[in-house]
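A.B. asks: following is a predicted model, sequence given first.
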Amino acid sequence: MADNEAFRQAIALIEKAQCVLVTTHTKPDGDACGCVAVMCEALRGLGKRAQPLFLSPIPQWYGFLFDEKTPVLRADVQTDDLSRGAFGPFDLIVILDTNSYSQLPRIEPFLKQTDAPILVIDHHATSDNIGQVEIVEPAAAAAGLVLYDFLTFAGWPITRRMAEGLFVAIATDTGWFQFNNTDSRTYRRAADLIDLGIEPADIYDKLYQNFSYPRFKLMQTMLSRLELHLGERYATQHILQADFEATGASYEDTENLINECHRISSVVVSSLLVELKDGRVRCSLRSRGDVDVSEIAAKFGGGGHKKAAGTFLPGPIDHAKRLIFTEVAQRLR
Ligand SMILES: [Mn+2]
């Protein structure tokens with residue numbers, strides 16, 4: 001558990017606030033989307049105005065967590081709108097599931113100049129100490145677990161809808177209770193959430209059994225490019241801009257596709273490289289051995305966890321692939 005003093009300070013910040021901006025890392029995953037939805041509902045339950053803001057579009061399969069369309073910075077809202085007009089101003093900013101400026105592109109200048117206090121609730125080891133108050137537990141499997149314990153400590157009601165968001169956060173960050181970050185706390189909190197009336201089988205269908213056909217075709221393309229190296233222990237694959245055009249899939253559709261190759265028993269480290277519109281390459285990394293992929297990501301300015309990390313690399317794909325291969329080879333030899 002995070003220390004109670006941080007909990008108390010966070011409660012004080014929230015009680016004082018009237019209008020709260022709630023945001024999370026770019027390329028939001030289930031933990032990020034779940035936490036934003038839950039935090040907004042918790043704040044509204046306390047009579048506050050809560051404004052969610054994403055830094056890049058949310059995958060459509062998390063859309064059910066929100067009643068309204070959630071704005072995306074630059075697409076729907078400009079940075080200037082955050083401090084004035086109908087959107088702002090805010091007297092508290094809550095950042096969930098990250099504490100790193102590299103994960104908060106385009107909002108970083110606003111965060112650095114705002115007068116509003118910042119509250120961070122996170123579970124990553126990498127930190128830029130963005131918040132005046134921070135509830136950070138690197139040992140927690142999901143930010144949703146940290147948020148759940150905070151809401152419980154505060155004694156604020158957890159509605160069925162909030163329980164669903166927390167369950168999505170916890171279930172997705174543990175790969176539906178498969179990754180080795182899945183500890184007894186994960187299962188206990190999941191059980192508590194089920195007691196609040198959620199339907200895990202229904203959530204599973206919404207999250208995992210609902211590929212669009214374009215997304216499935218994108219996965220087919222990715223799998224057809226799979227290469228195994230280093231004694232079949234390293235799997236690498238890539239997706240090009242042309243693949244999005246050919247399949248009709250979008251960038252958000254790449255989420256979790258990297259995990260497929262870990263069905264091969266020999267694979268301990270994997271990478272998925274995605275060519276971006278601006279020519280850079282987004283590299284995701286996974287490990288299920290002793291290799292700490294966050295070290296590799298950090299070498300290129302990225303971050304994450306020991307078992308799951310990511311970074312941006314200069315293109316083209318082949319060049320990016322060689323950069324990562326060299327790092328993986330050093331660690332697997
Ligand atoms: Mn997370």
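C.D. replies: That came through fine.
A.B. asks: which residue does the protein bring closest to the ion?
C.D. replies: Closest to the ion within the chain is D31: 3.4 Å, counting by C-beta to the ion. (C-beta placed from N, C-alpha, C; glycine too.)
A.B. asks: state the phi and psi torsions of that residue.
C.D. replies: Per-residue torsions, D31: phi -60, psi -50 (degrees, to the nearest 10).
A.B. asks: so it is in contact with T172, correct?
C.D. replies: Yes - judged on C-beta atoms under 8 Å, D31 makes contact with T172 at a distance of 6.0 Å.
A.B. asks: what's the pLDDT at the closest residue to R185 other than its chain neighbours?
C.D. replies: For R185, ignoring the flanking residues on the chain, the nearest one in space by C-beta to C-beta, 6 or more residues apart in numbering is L145 at 6.5 Å. We have a pLDDT of 98 for L145.
A.B. asks: could you report the neighbour count for L145?
C.D. replies: 26 (other C-beta atoms under 10 Å).
A.B. asks: now L196
C.D. replies: Neighbour tally, L196, other C-beta under 10 Å: 15.
A.B. asks: C-alpha coordinates for stretch 62-77, CSV please?
C.D. replies: C-alpha atoms of stretch 62-77 as CSV (Å, rounded to 0.1, in the frame of the first residue of the first chain):
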residue,chain,number,x,y,z
TYR,A,62,-12.6,1.0,-24.2
GLY,A,63,-15.3,3.4,-25.4
PHE,A,64,-17.9,1.6,-23.3
LEU,A,65,-16.2,3.0,-20.2
PHE,A,66,-17.4,6.5,-21.0
ASP,A,67,-20.9,7.9,-21.4
GLU,A,68,-19.7,10.8,-23.6
LYS,A,69,-17.1,11.2,-26.3
THR,A,70,-13.8,12.0,-24.5
PRO,A,71,-11.8,14.9,-26.0
VAL,A,72,-8.3,14.4,-27.4
LEU,A,73,-5.7,17.1,-27.1
ARG,A,74,-5.0,18.8,-30.4
ALA,A,75,-7.8,17.0,-32.2
ASP,A,76,-10.7,18.4,-30.1
VAL,A,77,-9.0,20.8,-27.7
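A.B. asks: just the mean pLDDT for that stretch, thanks.
C.D. replies: 95.
A.B. asks: how distant is that stretch from the center of its chain?
C.D. replies: Here the centre of stretch 62-77 is set off from its chain's centre by 15 Å, with C-alpha atoms, centre = their mean, to the nearest Å.
A.B. asks: next, the buried residues of it.
C.D. replies: Buried positions in stretch 62-77, judged by neighbour count with 16 or more other C-beta atoms under 10 Å: Y62, F64, L65, F66, T70, L73, V77.
A.B. asks: show me what the least confident helix or strand in the chain by mean pLDDT is packed against.
C.D. replies: Ranking every helix and strand in the chain by mean pLDDT, DSSP states H and E puts strand 303-304 at the bottom, with a mean of 86. If contacts are counted by 3 or more C-beta pairs under 8 Å, 6 or more residues apart in numbering; DSSP states H and E, strand 303-304 sits against helix 293-299, strand 308-313.
A.B. asks: repeat that for 6 Å
C.D. replies: Where contact means 3 or more C-beta pairs under 6 Å, 6 or more residues apart in numbering; DSSP states H and E, strand 303-304 is packed against helix 293-299.
A.B. asks: for the helix it packs on, buried residues please.
C.D. replies: V293, S294, I296, A297, A298.
A.B. asks: distance from the chain centre to it, please.
C.D. replies: 17 Å.
A.B. asks: so for it, mean pLDDT?
C.D. replies: For helix 293-299, the mean per-residue pLDDT is 96.
A.B. asks: now the residue nearest to R185: which helix or strand?
C.D. replies: In this structure, L145 is located in helix 143-154 according to DSSP states H and E.
A.B. asks: give me the contact list for that helix.
C.D. replies: By C-beta atoms under 6 Å, 6 or more residues apart in numbering, the surrounding residues in contact with helix 143-154 are 1, 7, 11, 31, 34-35, 42, 96-97, 121-123, 135, 137, 140, 158, 166, 169-170, 189.
A.B. asks: return the subset of those residues lying in helices.
C.D. replies: Using DSSP state H, the subset of those located in helices is F7, I11, D31, G34, C35, A42, L166, A169, I170, R189.
A.B. asks: from those residues, list the buried ones, please.
C.D. replies: The neighbour count (16+ other C-beta under 10 Å) marks F7, I11, D31, G34, C35, A42, L166, A169, I170, R189 as buried among the ones in helices among the contacts of helix 143-154.
A.B. asks: if we can go back for a sec, let me know whether the least confident helix or strand of the chain sits next to the ion.
C.D. replies: No - against the ion, strand 303-304 shows no contacts by C-beta under 5 Å from the ion, the least distance being 9.5 Å.
A.B. asks: since that was my last question, I'll sign off now.
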